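Visitor: I need the structure of the sequence given here:
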Amino acid sequence: MSAVTLLLSFMLFGELLALSGNFWHITDLHWDPSYELKESPERVCASSGNRPAAHAGTYGAYDCDSPWHLINSSIYAMKEILPNPDFIVWTGDDTPHVSDEDLGEEKVLHIISNLTDIMKQVFPNTKVYSALGNHDYHPKSQLPAGPNYIYNKTADMWQDWLDPESRRTFKEGGYYTERLLNRTGYRALILNTNLYYDQNRLNLDISDPAGQFSWADRVLTEAANNNEKVYIIGHVPPGVFEKKRSKSWFTPKFNQRYMELVQKHHSVILGQFFGHHHTDSFRMFYNPEGSPISAMFISPGVTPWKTTLPGVKDGGNNPGIRVFEYDTQTLLVQDVVTYYLNLTRANVARGQWEKEYRLTESFRVPDASPSSLHQALERIANSNCYLQKYYELNSVSYDLTECNSDCRVDHVCAARAVDFSMYERCLEKEGAVAIHAGLPPVLSVALGLVVASLQ
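Guide: Down below sits the predicted model:
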């Protein structure tokens, strides 16, 4: 190879690197300040709700929210793995799963302040796009559609990350928008989707809490007019929880409005990034013709806490953090790399965060675009091998049991159908497919006709 050819090769490689950026997404830290190793497993942490915290250790326990050691470990692991990200997405839920009587406004703010401080300490020069979680308020989940003490105080804590207009809208409704990395043509839209949470009793009778839908529609319309590309960031996602059949988070009217917002503006929305589930999942959005138009990434949480949601069996997870790789010219998400801490091993030996998987490698897709994620979903739906792989990754390699036919239906339909009516139709169709697979040939043909009529 000549010197000129070698130089050109290096120049081309440099240009390719320049087109690729990366950022962190961290969510659901749920710090439990009460966590302390004690002889009685029922007294290790308040967040266990008197469940015995079996095998509790320095890094935590699956029945508890995060001790400070786990919080500290996760953020310093981010610094070690990717010390200079383009930015950080932080999607909330900072306080433990305890009763409101055990918290109060000042304790909630104290926890948010401590997590904000360590983020700034470890990443002093990195822009953070931070969203409120439903646990970042007192009483929890009751986030109001107007100015209040916690919005004001949190905006003050985050003032280094917010421009003046962002501080104003955050104090009014807990949401804001800014140019992504302060670059022309790139925008972040940070939503307070806790306003749409079905447990939020304050907004059930309001058509557009805090005017956020109207505001988001206006921001996205202006983004289209200005040739901007947008990332949407929030905590509580629309759609259905994959670990409990038909368990939704938004009220139906708000779920429908969010669907309409994405369908209307999908051409400028290059990614949606949410938390809340503590699991590793994604959601697809389709146009009326059935073509994929947008994808939502639901990142795993840092807390290993086993959910107490009735009907969910052993719903814990290993702590997870995530790097997104993206095209800096188009904002297309190119890949997703998840890192995790095997909590059982970490408590026995020194904790070691490690790569769990890379999306393109594990699901054999070229990138993380909506069309590629649709392809991955079809593999999950039609291959037991990919289904089992997805299922184990869903709990961050915690639950390694078999995903049976009911489990398959729950996970496939949650990812495929954000719209509630489409979700119910998916349950009918995929449930029939599952029965179809185990029938004798004659009955299988008959049922096949029924399945076809559902399509």
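
Visitor: contacts, neighbours, all on C-alpha from now
Guide: Will do.

Visitor: Run through the stretch 101-250 of the chain and note the low-pLDDT ranges.
Guide: Filtered on pLDDT under 70, the stretch 101-250 of the chain yields no residues whatsoever.

Visitor: got it, and the stretch 301-450 of the chain?
Guide: 433-450.

Visitor: Which parts of it are strands?
Guide: 320-327, 333-340, 354-358 (DSSP state E, counting those that start in this stretch).

Visitor: now those strands in a markdown table, with distance to Ile150 and mean neighbour count?
Guide: A markdown table is the format used below for the strands of the stretch 301-450 of the chain (distance: least, CA to CA, whole Å; neighbours: other CA atoms under 10 Å):
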| stretch | distance to Ile150 | mean neighbour count |
| --- | --- | --- |
| strand 320-327 | 27 | 23 |
| strand 333-340 | 32 | 21 |
| strand 354-358 | 36 | 16 |
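
Visitor: is it possible to export those strands to TSV including distance to Gly290?
Guide: As requested, the strands of the stretch 301-450 of the chain are exported to TSV (distance: least, CA to CA, whole Å):
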stretch	distance to Gly290
strand 320-327	25
strand 333-340	21
strand 354-358	27
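
Visitor: which stretch among the ones you listed comes nearest Gln212?
Guide: strand 333-340 (25.8 Å; CA to CA).

Visitor: can you list the residues that contact the closest one?
Guide: Identification of contacts with strand 333-340 by CA atoms under 8 Å, 6 or more residues apart in numbering yields 270-271, 318-327, 353-360, 366-369, 396.

Visitor: what residues does the strand or helix carrying Glu106 touch?
Guide: Secondary structure from DSSP states H and E places Glu106 in helix 105-122. Residues from elsewhere that reach helix 105-122 (CA under 8 Å, 6+ apart): 31, 72, 75-76, 79, 94-95, 136-139, 150, 153-154, 157-158.

Visitor: Buried only: go through those residues for me.
Guide: 31, 72, 75-76, 94-95, 136-139, 150, 154, 157-158 (16 or more other CA atoms under 10 Å).

Visitor: Which members of the residues you listed occur in helices, if any?
Guide: If you go by DSSP state H, those have Asn72, Ile75, Tyr76, Ile150, Thr154, Met157 in helices.

Visitor: Spatially nearest residue to the last one, not counting backbone neighbours?
Guide: Using CA to CA, 6 or more residues apart in numbering and skipping residues adjacent in sequence, the residue nearest Met157 is Ser113, 6.7 Å away.

Visitor: count of residues packed around that neighbour?
Guide: 17 (other CA atoms under 10 Å).

Visitor: quick thing: my sequence starts at 30, can you match it?
Guide: Will do, 30 is the new start, and the previous item becomes Ser142.

Visitor: Could you check how far it is from Lys200?
Guide: Distance, Ser142 to Lys200, using CA to CA, to the nearest Å: 16 Å.

Visitor: just Met107 next, same as before
Guide: In terms of CA to CA, Met107 sits 29 Å off from Lys200.

Visitor: Spatially, which two of the buried ones among the contacts of helix 134-151 are the most separated?
Guide: Most distant of those, by CA to CA, are Tyr105 and Pro168, 30.8 Å apart.

Visitor: where exactly do the helices run in the stretch 280-429 of the chain?
Guide: Remark: helices assigned in the stretch 280-429 of the chain by DSSP state H, counting those that start in this stretch are 281-294, 372-377, 388-392, 399-411, 413-423.

Visitor: Can you tell me, leaving aside adjacent residues, what's nearest to Glu459?
Guide: Nearest to Glu459 is Val438, by CA to CA, 6+ apart, at 5.8 Å.

Visitor: Kindly report the same for Tyr105.
Guide: Val151 (7.0 Å).

Visitor: Pretty sure Gly50 sits against Thr357.
Guide: Yes - with contact defined as CA atoms under 8 Å, Gly50 reaches Thr357; the gap is 5.7 Å.

Visitor: and Asp234, how many residues sit next to it?
Guide: Neighbours of Asp234 (other CA under 10 Å): 8.

Visitor: host element of it?
Guide: Counting by DSSP H and E, Asp234 is part of no helix or strand.

Visitor: how many neighbours does the spatially closest residue to Met325 that is not a sequence neighbour have?
Guide: Spatially, and ignoring its direct neighbours in sequence, Met325 is nearest to Gln301 (4.5 Å; CA to CA, 6+ apart). Look at Gln301: counted by other CA under 10 Å, it has 22 neighbours.

Visitor: ok, Gln301 - contacts?
Guide: Tyr260, Ile261, Ile262, Ala324, Met325, Phe326.

Visitor: swap in Gly121?
Guide: Thr56, Asp57, Leu58, Ser159, Ala160, Leu161, Gly162, Asn163, His164, Asp165, His264, Gly304 are the contacts of Gly121 under CA under 8 Å, 6+ apart.

Visitor: measure it to Leu406 for me?
Guide: 27 Å.

Visitor: again with Met325
Guide: Taking CA to CA, one finds Met325 at 13 Å from Leu406.

Visitor: With Ser323 instead?
Guide: 13 Å.

Visitor: now swap in Phe283 and tell me
Guide: Taking CA to CA, one finds Phe283 at 25 Å from Leu406.

Visitor: If I follow the layout properly, Thr56 ends up in contact with Thr308?
Guide: No - taking CA under 8 Å as the definition, Thr56 is not a contact partner of Thr308, at 10.4 Å.

Visitor: shared neighbours of the two, which are they?
Guide: In contact with both Thr56 and Thr308: Ser328, Pro329, Gly330, using CA under 8 Å, 6+ apart.

Visitor: So which bits of stretch 107-115 are buried?
Guide: Met107, Asn113, Pro114, Asp115.

Visitor: Can you get me the start-to-end distance on that stretch?
Guide: 13 Å.

Visitor: Not counting its own residues, what contacts it?
Guide: Outside stretch 107-115, the residues touching it (CA under 8 Å, 6+ apart) are Gly50, Asn51, Phe52, Trp53, Val151, Phe152, Thr155, Lys156, Leu210, Ile350.

Visitor: Fine by me, we can end here.
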